[in-house]
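# structure of the sequence below:
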Amino acid sequence: MAPAAAQGLSVTAYLASVFASVNWLAWLALMIPYSLFFFAVDSLIVWRVINWFNAKVAYTNILPVRASTYILSILNEQLGKGAMALYLNRREGVPGWQLGSSMLFIMVCELLYLCAWANIGLALQWDNLPEVFRGLPYVGMAIVAIFALAYLYFRGHIFATSKLREKPILHAFKQANLGQYIRILVLRSPALLAAVFIYSEALSLFGVEIGYLQMLGILPVIFFGASIPGPFRAVAVSMWVILFPEYPAQMSAFGLVQHNFFILFNAVIGLVFVRRAQRELFE
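Numbering: from 1, shown residues only. The predicted structure is shown next:
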């Protein structure tokens, strides 16, 4: 690494100097409340969808199961959603396939939400983002087109005689109206807007100043790119260093700790609730 060599330091020593310069108490003061806020919003989404399509469940009863699945999500996010469906099936007696349908509905809404915000971000930072992301509008148009056809199908406006929509695994999509999709996107958005503020402030602790509007243009693209396979993901993983090549060590350290802390702290939240979830599942 050229900056390390310029200072006569090894790469390890150079990275260590970056970590030593960060005010970690201030960083934790940002990240812990944000992680808790994300957990609250994430649980709200699950609560809202389950109450629409499956059963009337109190928000406080969703918290233990959503928190506990964060532990499994370290391995795979969709594995966590499967465990959540199993828990609600055991606890509320709702058919498992219908609960699986609600988890699929949440996944589709996540894709729509990330794609929408990524394209907003791209519009804000068109000239500054890697060229590979210039394809995002086309990806967005394809996703919207597929969603529109699927929505018309599930509402019975096209292929009206088809019986596929009657499958239990598609229960939520048959029931959902356009307003419910929009409400989920709106309910999720405060978590991303909070992340824009938190990431901007956290990055300043690593010695790199960035405005909120600039972060709003970058962060959704990174989140969307990292969530899907292919060239977008490959670039998104290293995006911080690509965008700020003059700060390679700082951006490498920042990307590493932001991602891993969020995953691991969510798992800690899960550990707090896991005994209650086990008790309610097996009682």
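# need the longest helix for this structure.
Determined from DSSP state H, the single longest helix within the chain is helix 248-282.
# pull out the buried positions in it.
Residues of helix 248-282 classed as buried by neighbour count (16 or more other Cβ atoms under 10 Å): 248-255, 257-258, 261, 265-267, 269-270, 273-274, 277, 281. C-beta: built from backbone N, CA, C; applies to glycine.
# where does the prediction get shaky in the stretch 101-250 of the chain?
Along the stretch 101-250 of the chain, the model assigns pLDDT under 70 to residues 229-237.
# would you map the helices across it?
Using DSSP state H, counting those that start in this stretch, the helices found in the stretch 101-250 of the chain span residues 136-154, 171-175, 178-205, 212-227, 231-237, 239-243, 248-282.
# contacts for the fourth one, please.
It stands for helix 212-227. Residues from elsewhere that reach helix 212-227 (Cβ atoms under 8 Å, 6 or more residues apart in numbering): 110-111, 114-115, 117-118, 120-125, 128-129, 133, 136, 192-193, 195-197, 199-200, 203, 210, 232-233, 235-237, 239-240, 243.
# ok, of those, which come out buried?
110, 114-115, 117-118, 121-122, 124-125, 129, 133, 136, 192, 195-196, 199-200, 203, 210, 232, 235-236, 239-240, 243.
# what distance separates the opening and closing residues of stretch 167-186?
Stretch 167-186 has an end-to-end distance of 28 Å (Cα to Cα, to the nearest Å).
# please compute how far that stretch lies from its chain's middle.
Chain-centre distance of stretch 167-186: 19 Å, with Cα atoms, centre = their mean, to the nearest Å.
# who's in contact with it?
Outside stretch 167-186, the residues that touch it by Cβ under 8 Å, 6+ apart are 45, 48-49, 52-53, 95, 97-98, 100-102, 104-106, 108-109, 112-113, 116, 150-151, 154-155, 164-166.
# in PyMOL, select just the buried ones from the residues you listed.
To isolate the buried members of these in PyMOL, using 16+ other Cβ under 10 Å:
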select buried, resi 45+48+49+52+53+98+100+101+102+104+105+106+108+109+112+113+116+151+154+155+165
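# so what's residue 27 closest to, chain neighbours aside?
Computed as Cβ to Cβ, 6 or more residues apart in numbering, the closest residue to residue 27 that is not its neighbour in sequence is residue 205, at 5.3 Å.
# wait, the one you found sits on residue 25?
No - between residue 205 and residue 25 there is no contact under Cβ atoms under 8 Å: 10.0 Å.
# who has more neighbours, those two?
Neighbours were counted for residue 205 and for residue 25 using other Cβ atoms under 10 Å; residue 205 has more, 16 against 7.
# relative to helix 136-154, how tilted is the strand or helix carrying residue 98?
Using DSSP states H and E, the element containing residue 98 is helix 96-124. Helix 96-124 and helix 136-154 are oriented at 150 degrees to each other (axes from the mean of the first three to the mean of the last three Cα atoms, to 10 degrees).
# I'd like the distance from helix 96-124 to the chain centre, please.
For helix 96-124, the distance to the chain centre is 9 Å (Cα atoms, centre = their mean).
# shift numbering so it begins at 49
Yep, numbering from 49; the last one is helix 144-172 now.
# just checking, what packs against it?
Using 3 or more Cβ pairs under 8 Å, 6 or more residues apart in numbering; DSSP states H and E, the elements in contact with helix 144-172 are helix 72-101, helix 125-140, helix 184-202, helix 219-223, helix 226-253, helix 260-275.
# export those helices to TSV and tack on distance to residue 111?
Formatted as TSV, those follow (distance: least, Cβ to Cβ, whole Å):
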stretch	distance to residue 111
helix 72-101	5
helix 125-140	12
helix 184-202	30
helix 219-223	21
helix 226-253	16
helix 260-275	24
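# alright, I will stop here.
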